[in-house]
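K.L.:
below is the structure, and that's it, no one-letter string:
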Ligand code: NAD
C-alpha cells in the first residue's frame, strides 16, 4: 500500500491566525486513498464557529495588520518568492501526498507542482506592480483625477477536490499578490496538501498572522463562509448546482460582494478530415481521460467528420485501451481511479444511462477496473445522439461520447453555440479557415487548436454560460482581486 511518512503538521488541527489550533468540534472527516479506498488520515470537520474565527483573523489582518498597511509591494513579492522556494524544497513529499490522496499519476502531479511553484513566482512579480491611471478632468484644469487600485479585502475561497494544490495556487497567488487576506476551504476529499501549504507558508515567517487561514469540511463550513458578512469576495470552483447556490447566497448577505465562479463543462472537440489520425486519436484520449476525466475542461463531446469516422474509431479505441492503469505512484501509470465512492457510483450510473437510456454503442470500456478502490475503465461510446444525456451532462469521469458523424463544420458550430457550457473546446485541423471559423464563432473560455489541456499561468482561464464567470490565471485574475478608487483633487484650493 502506498503511504507517506509522518506529516510535518498535525492534521487534526487547523491553521488560523498564524497558529495551528483545535476545531470547536470533535466531528471529523476521513481522508481516503482512492486507489485502495483505505483511510489515510482523519481531519476536523470545521464548524461555523471555526469559520467565524478564521474570517475575523483575516479581517483583522486586512484592516489592522502589516500585510496591507505596512508592507510594500516588494515585501509581499519577497514573501511569495520565499513561499515558492519552500514549496520547491518540499515538493517530493507534497507530490507523494497529492498523488496518494487524489489517486493521480505521480508524473501528472509533478507537472502540477512545476506549475504551482512557477505560479507563485509569476504572481509575486505582480505584487510590486499595482498601478492606477491619471485621468484628465473635463473642462476644469484645476482638478486632478486619478485612480488607485486597492486590494478587494478578505477573500473566501472554496475549492473543488480535483486539483487541490494547483487550484489553490490559481486562487491564492494572485489574491496575495494583490494584498488581500484569505480564508481557504479545500474540497473535503482532498485537504492534505492545503494543510501542507499552510505549514510551508507558516515556516517562511514572512506572512503576518491572519493573512492566510484554512478551514476544513464540506457544506456547513462552505455555506458559513459564503454567508459571512465580513467577507469581501468569494472565489468558488465546483459544480454548477453548488455554484448557482453560492451566487444566490452571496446576493442575500447584508453586504453584496464580488463573486467569481468556475463551474463545470461539457467540452466539444472536432476532428476534421485533414489531420494525422493516429496522433489526433492519442490527443483526444488524453484530452478526455487525463485525471480520470475529472477535469472541468475534459474533452467529452467528440465530433468526427463522416469521411474519416470509420478509420478513426479503431485508432481511438487502441489509444484508450493502451492507457496504463496501475498504482498511481508508479512512474509509468497514465490513468488513476475516481476520487471517491460517490463519484465512482455516479460514473457507473452514467455508463448505464449511456447503454440503456441513450442506446449508445460502447466502443471500449464501461466496467470497473483493477478490482479495488474506485477504478473504472476508460470508456468510449460512439454514434451518440448529440442531445443524449451522456453527451450533454457533465459526468466527471473517464467517459467520452463520440457523436454521430458530421458533414459540415457550420452545423457543429451552430449546435455548440447552444451548449449549456462554455469552458473549453478543441479543434484538430490543418485548414486555417476552418480553425479561424471555429475560434471566432465559439464562445468558450479556452479553445485549443491541435493540442488539448495545455495550460499556463499567464493565460486567463474561465467560462461562458453555465461554466461560470470571472477568470483565473493571467493578469485578469490578479486584477480581479483589486478594486479601483477614484480620487478627485482640487489643486486650486
Ligand atoms: P461541488 O460543487 O460538489 O463542491 C465544490 C466545493 O463547494 C467543495 O469544497 C464543497 O465542500 C463546497 N460546497 C458544497 N456545498 C456548498 C455550499 N452550500 N456553500 C458553499 N460551499 C459548498 O464540486 P466538486 O465535486 O468538488 O467538484 C467538481 C466540479 O467542479 C465539477 O463540476 C467541475 O467541472 C468543477 N470544476 C471547475 C473548474 C473550473 O475551473 N471551471 C475546475 C475544477 C473543477
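P.N.:
Thanks, I have the structure now. Quick caveat, the model's predicted, so the values are computed rather than measured.
K.L.:
OK, contacts around residue 354?
P.N.:
Residues in contact with residue 354 (Cβ atoms under 8 Å, 6 or more residues apart in numbering) are 360, 362, 366, 381, 384, 388, 389, 390, 399, 401. From N, CA and C alone the C-beta is placed, and that goes for glycine too.
K.L.:
moving C-terminal of the helix or strand encompassing the second one, what's the next helix or strand?
P.N.:
In this assignment (DSSP states H and E), residue 362 forms part of strand 361-364. Later in the chain than strand 361-364, the nearest helix or strand by DSSP H and E is strand 379-384.
K.L.:
tell me which residues in that following strand are buried?
P.N.:
Neighbour-count burial for strand 379-384 flags 379, 380, 381, 382, 384 (criterion: 16 or more other Cβ atoms under 10 Å).
K.L.:
a markdown table please, covering the contacts of residue 354 and showing distance to residue 222.
P.N.:
Shown next, in a markdown table, are the contacts of residue 354 (distance: Cβ to Cβ, whole Å):
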| residue | distance to residue 222 |
| --- | --- |
| 360 | 35 |
| 362 | 37 |
| 366 | 34 |
| 381 | 34 |
| 384 | 35 |
| 388 | 32 |
| 389 | 28 |
| 390 | 29 |
| 399 | 27 |
| 401 | 31 |
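K.L.:
who wins for most neighbours among those?
P.N.:
When the contacts of residue 354 are compared by neighbour count (other Cβ atoms under 10 Å), residue 401 ends up highest, at 28 neighbours.
K.L.:
which SS class is that one?
P.N.:
Classification of residue 401 using DSSP: H, G, I helix; E, B strand; the rest coil returns strand.
K.L.:
isn't it right up against residue 299?
P.N.:
No: Residue 401 is not in contact with residue 299 according to Cβ atoms under 8 Å; the separation is 10.3 Å.
K.L.:
re earlier: of the contacts of residue 354, which is the nearest to the ligand?
P.N.:
The ligand lies nearest to residue 399 out of the contacts of residue 354, by Cβ to the nearest ligand atom, at 13.8 Å.
K.L.:
gap between that closest one and residue 293?
P.N.:
For residue 399, the distance to residue 293 (Cβ to Cβ, to the nearest Å) stands at 6 Å.
K.L.:
identify the contacts common to these two.
P.N.:
Joint contacts of residue 399 and residue 293 (Cβ under 8 Å, 6+ apart) are 300, 347.
K.L.:
next up, phi/psi of the residue nearest the centre of the chain, please.
P.N.:
Closest to where the C-alpha atoms of the chain average out (Cα atoms, centre = their mean) is residue 167, at 4.5 Å. Main-chain dihedrals, residue 167, degrees, to the nearest 10: phi -70, psi -30.
K.L.:
residue 482 too?
P.N.:
Per-residue torsions, residue 482: phi -120, psi 150 (degrees, to the nearest 10).
K.L.:
what do you get for the one 10 residues further on?
P.N.:
According to degrees, to the nearest 10, the main-chain angles of residue 492 amount to phi -90, psi -10.
K.L.:
ok, now which ones touch it?
P.N.:
Contact partners of residue 492, counting by Cβ under 8 Å, 6+ apart, are residue 142.
K.L.:
now residue 270
P.N.:
Applying Cβ under 8 Å, 6+ apart, the residues near residue 270 are 302, 303, 406, 409, 412, 425, 426, 427, 428, 429, 438.
K.L.:
do I have it right that the third one meets residue 304?
P.N.:
Yes: counting by Cβ under 8 Å, residue 304 is a contact partner of residue 406 at 7.4 Å.
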